[in-house]
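Enquirer: Structure for this input, please:
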Amino acid sequence: MTPQVKSAWGVSLLTFSPAPYDTSMKNGINLWLDDKRDPKEFSPHIDWVWVKTAKVAIAALEAGVVECISLDHDLGPEWETGNGYMVAKWIEEAAYLRKIPKLAWSVHSQNSVGVASMKMALNNADRYWAGA
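Expert: Sure thing, here's the model as predicted:
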């Protein structure tokens with residue numbers, strides 16, 4: 001399912017159409033969460049949907065359209081944008097509750113503490129998906 005871009009007061013917003021929960025999803029989007037780094041510079045061979053806030057990333061995850069996600073931790077002013085750890089924790093909880101199918105994931109942050117925290121949450125999600 002392809003996200004649709006809408007404009008409100010000159011600001012582009014990504015919106016995602018809801019999709020039914022499907023554990024066999026093979027055609028979801030690749031979501032790149034980062035406020036500054038263009039995914040084409042880091043992974044030009046992958047077609048990424050670039051989002052810049054935790055809220056938009058979680059909306060895509062809730063809609064069931066994400067197959068792969070790559071997370072940055074620091075996204076700007078946290079009170080405005082959230083951070084990658086918030087998304088990783090959301091994924092961990094959703095995996096535990098079986099609300100989303102297994103995702104491929106990576107972390108591309110330069111914040112070493114944030115990387116460790118996000119990887120811990122995402123490794124826990126992997127264990128929940130595996131049924132451990």
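
Enquirer: residue boundaries of the strands in the chain?
Expert: Remark: strands assigned in the chain by DSSP state E are 4-8, 11-15, 29-33, 48-51, 66-71, 104-107.

Enquirer: who does the third one pair up with?
Expert: Same thing as strand 29-33. strand 48-51 (parallel), strand 66-71 (parallel) (DSSP bridges).

Enquirer: so of those strands, which one's packed in deepest?
Expert: The highest average neighbour count among the strands paired with strand 29-33, using mean count of other C-beta atoms under 10 Å, belongs to strand 66-71 at a mean of 22. Backbone N, C-alpha and C define where each C-beta goes, glycine included.

Enquirer: Rounded mean pLDDT for it, please.
Expert: Strand 66-71 shows an average pLDDT of 96 in the prediction.

Enquirer: Show me what the helix ranked longest in the chain is packed against.
Expert: For the chain, the longest helix by residue count, based on DSSP state H, is helix 112-130. Judged by 3 or more C-beta pairs under 8 Å, 6 or more residues apart in numbering; DSSP states H and E, helix 112-130 is in contact with helix 84-96, strand 104-107.
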